[in-house]
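A.B. asks: Sequence plus predicted model, see below.
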Amino acid sequence: MSRAHRRRWADAATLLVAAGLAGLCARAVAPGTVGDLERRVFAVVNGWPDDVEQPLWVFQTLGVLGMPLVVAVVALALRRWRLALALALLVPLKLLVEHAVLKELVHRERPGTTIPDAILRDVPSAGPAFPSGHAVIAFGIVVLLAPYLRRRWLVVVVALAVLNSVARVYLGGHAPLDMIGGAAAGAAVGALLNLAVGVPAGAPDGSVRAHPVR
């Protein structure tokens, strides 16, 4: 028996709010510099001891380009065809939004160039930094999985995405607004894909319910 699917107002709202936040971050970093407050936050996280490098390196791999395809394989095994399709589409849409849109509009270098005392841990010292592609992937996956997960598992997935972003700052690959802007862009892309393919009409208990968009 085929499952009923719907479009939710929650995804439409997420798309608008997340796109707006990504735009605000892009405007904030448009001068290409790192502000004093952002620099201080970066210094705190980037200055954590070397003992946490290995576990945080593992967390940062959750945002690699192939991760949506790995999760899509699991979705296929569970016969969640629409979820698998959305996860596969996340990869080209991420590349489009990151490279053809945001990095064309905003040119800010990585902390190795913009923050003189940045500690770099096996990350590039130069190159476009905004938005973080890792954050786009991680938070895009979060939004795509949200309609399928109970609340406690959604909290776990969100925590992993946050740790992915923290790890990128710790390693010296990005400044905080690169991660926030990337997370917002990823959430917007995920919400757009949910609207495009639809989500299950019967959400699990404990997840956020919303009226369908007709």
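C.D. replies: Done, it's in.
A.B. asks: who touches V169 in this structure?
C.D. replies: Neighbouring residues of V169 by CB atoms under 8 Å, 6 or more residues apart in numbering: V41, F42, V45, N46, A175, P176, M179. Glycine gets a C-beta too; all of them are placed from N, C-alpha and C.
A.B. asks: I figured the fifth one hits P111, correct?
C.D. replies: Yes. With contact defined as CB atoms under 8 Å, A175 and P111 form a contacting pair (5.5 Å).
A.B. asks: For those two, list the residues in contact with both.
C.D. replies: Shared contacts of A175 and P111, defined by CB under 8 Å, 6+ apart, comprise V34, F42, A129.
A.B. asks: Which neighbours in the sheet does the strand ranked longest in the chain have, and how are they oriented?
C.D. replies: Scanning the chain for the longest strand, with DSSP state E as the assignment, gives strand 5-8. Using DSSP bridges, the strands paired with strand 5-8 are strand 199-200 (antiparallel), strand 212-213 (antiparallel).
A.B. asks: which one of the ones you listed has the lowest average pLDDT?
C.D. replies: Among those, strand 212-213 carries the lowest mean pLDDT, a mean of 42.
A.B. asks: which regions of this structure sit below the pLDDT cut-off?
C.D. replies: The chain contains residues with pLDDT under 70 at 1-3, 202-214.
A.B. asks: Go through the shared contacts of A175 and P111 and name the one nearest V155.
C.D. replies: F42 (26.2 Å; CB to CB).
A.B. asks: From R80, how far out is the closest residue to the closest one other than its chain neighbours?
C.D. replies: Nearest residue to F42 in three dimensions, chain neighbours excluded: A175, at 5.2 Å (CB to CB, 6 or more residues apart in numbering). Distance from A175 to R80, counting by CB to CB, to the nearest Å: 36 Å.
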